[in-house]
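**Q** A predicted structure for the sequence below; I have some questions about it.
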Amino acid sequence: MNAPATTPAAPSSGYRIVVMLLLFLVYAFNFLDRQIISILAIPIQAELDLSDRQLGLLGGIAFAFLYSTLGVPIAWMADRTNRTWIITGALAVWSGFTIVCGYAQNFTQLFLARVGVGIGEAGGVAPSYSLIADYFPPKSRARALAFYSLGIPIGSAFGVIAGSQIAGGAISDSLDWRAAFIIVGLAGIILVPIFRLVVREPARGQLDTVKMDPAAVKPSFGQVLGVLSKKPTFWFLTFGAASSSMMGYGVFFWLPSFFARSFDLNIIETGWLFGSILFVGGTAGIVLGGVLSDWLGKRSVAAYARVPGIAFLFTTPLYIAGVLAPNPMLSVILFLVPTALGLAWLGPTLSAFQNLVPASMRTTASSIFLLINNLVGIAGGVYVLGELSTLLAPSFGDQSLKISIIIGSLMYLVAGALFLLASRHIVKDWEG
């Protein structure tokens, strides 16, 4: 691996836009490859004869365990080496394993392929957060990270819609769920050389108000934990985000199955409805959260925790209303608002994490957040909702998933309380 290269001057605005677009595309593929299984779960479950419990394992633990745990040592490496090389390699690995998913013949093979996707994606997100912090100044980081985070709803929506069209036979009768995995994996492989040739490694901390201490360029993992242990804001935000992610990732995985079972929709109809919720609701919430927090943050950085905290408190009742709606169109309309509110935390919270530690510690600190968030959110949320649905099925039949989602939505209240607690400490914990 090459030694880190640095640019002698701050990057131009035009080049920053190009870098931002490529980071966004990589993140969109990250969620496209991660989320496509949610819509393909319907034909996969039918062909491989899987239970909701097994689907929960495929969508949660299979992906999340190594994705979360490997993120920490990879981020530690990224704080010392070239971040663009790490992201490039990660994209190649997870795209390759997405292709492998298309050749799985049983639960075990598909489980192991999903583990491989998680291994690849472990190197994508935390280094990207750090790169964005070195390409954009503090006053615009929440908006920049919000734009980057649009990869979540846009990548997920495209994956859901494209997967449903391929698997549902809208494109060709000869294509199925296996072809969907192979096609999106190959698309990611095409992006690999483009990203590597265009994105340069920036100087760390070049745009910060408080300049990085050269003696602290390579902090140990223990030093990072030592700094974070004195910052209650980091832990309130981390566990608050993890609480919301339990429901967010859980619903993103299970909502296609909810629409299919509750309203007797086919895979193509389900794909368009769920994709619309992700694209419209998710995009609106992320943009609004980033812009509003940067605007209010000029008066007090407490806004970076307070804005998403208030949004979370309104999310639970609206999710319950969407689940209980009597028809699919009303359900979609009702789901748009809590989807937006439930994702408004991304820009402000990720921006706050970049300002709670010195520049030399950002990637490692982000990886610790991602470790907790993803183990609780992806592994916990997807699996717990599937487990609840399986346990409730003997008594409630196809309605068991609906009840499972209602119970899970209560986690947004926990998230809101933790974010509001963070807003009481964030001014003191903010670097500079």
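**A** In hand now; what should we look at? Numbers count the residues shown, from 1 in each chain.
**Q** residue ranges for the strands of the stretch 101-250 of the chain, please.
**A** With DSSP state E, counting those that start in this stretch as the criterion, the stretch 101-250 of the chain has no strands.
**Q** residues contacting the residue minimising distance to the centre of the chain?
**A** Central residue check for the chain by CA atoms, centre = their mean: the C-alpha nearest the mean position is that of residue 152, 5.6 Å away. The neighbourhood of residue 152, defined by CB atoms under 8 Å, 6 or more residues apart in numbering, consists of 27, 31, 282, 286, 343, 346. C-beta: built from backbone N, CA, C; applies to glycine.
**Q** switch the cut-off to 6 Å
**A** residue 31 (CB atoms under 6 Å, 6 or more residues apart in numbering).
**Q** Relative to residue 206, how far out is it?
**A** When CB to CB, to the nearest Å is the yardstick, residue 152 and residue 206 sit 27 Å from each other.
**Q** now swap in residue 355 and tell me
**A** Residue 355 is 15 Å from residue 206, by CB to CB.
**Q** ok, the two, which is more surrounded?
**A** residue 355 (25 against 19; other CB atoms under 10 Å).
**Q** Got the confidence number for that one?
**A** Per-residue confidence (pLDDT) for residue 355: 86.
**Q** do residue 196 as well
**A** Taking residue 196 on its own, its pLDDT is 94.
**Q** Okay, it and residue 82: tell me how far apart.
**A** Counting by CB to CB, the gap from residue 196 to residue 82 is 10 Å.
**Q** Also residue 347?
**A** Residue 347 is 26 Å from residue 82, by CB to CB.
**Q** which helices and strands sit right next to the lengthiest helix in the chain?
**A** The residue-count maximum for a helix in the chain (DSSP state H) belongs to helix 13-48. Using 3 or more CB pairs under 6 Å, 6 or more residues apart in numbering; DSSP states H and E, the elements in contact with helix 13-48 are helix 83-101, helix 125-135, helix 141-149, helix 151-167, helix 177-198, helix 232-263.
**Q** can you pull the buried residues of it?
**A** 16, 19-20, 22-45, 48 (16 or more other CB atoms under 10 Å).
**Q** what's the answer for stretch 124-140, then?
**A** Buried residues in stretch 124-140, defined by neighbour count with 16+ other CB under 10 Å: 124-136, 138.
**Q** Which members of those are the farthest-apart pair?
**A** 124 and 138 (23.5 Å; CB to CB).
**Q** how many neighbours does the residue lying closest to residue 76 once chain neighbours are set aside have?
**A** The shortest distance from residue 76 to any non-neighbouring residue, by CB to CB, 6 or more residues apart in numbering, is to residue 364 (5.3 Å). As a burial measure, residue 364 scores 29 neighbours (other CB under 10 Å).
**Q** ditto for the one 3 residues further on
**A** Burial of residue 367, expressed as a neighbour count using other CB under 10 Å, amounts to 30.
**Q** elements contacting the helix or strand where it lies?
**A** Assigned by DSSP states H and E, residue 367 belongs to helix 362-374. Under the contact definition 3+ CB pairs under 6 Å, 6+ apart, helix 362-374 sits against helix 61-78, helix 125-135, helix 232-263, helix 346-355.
**Q** what's in contact with the last one?
**A** Under the criterion CB under 6 Å, 6+ apart, residues 133, 141-142, 145-146, 149, 237, 241, 286, 289-290, 293, 304, 307-308, 362, 366, 369, 430-431 lie in contact with helix 346-355.
**Q** Stretch 297-317 too?
**A** So stretch 297-317 is in contact with 292-293, 296, 338, 341-342, 344-345, 348, 352, 409, 412-413, 415-416, 419-420, 422-423, 426-427, 430, going by CB under 6 Å, 6+ apart.
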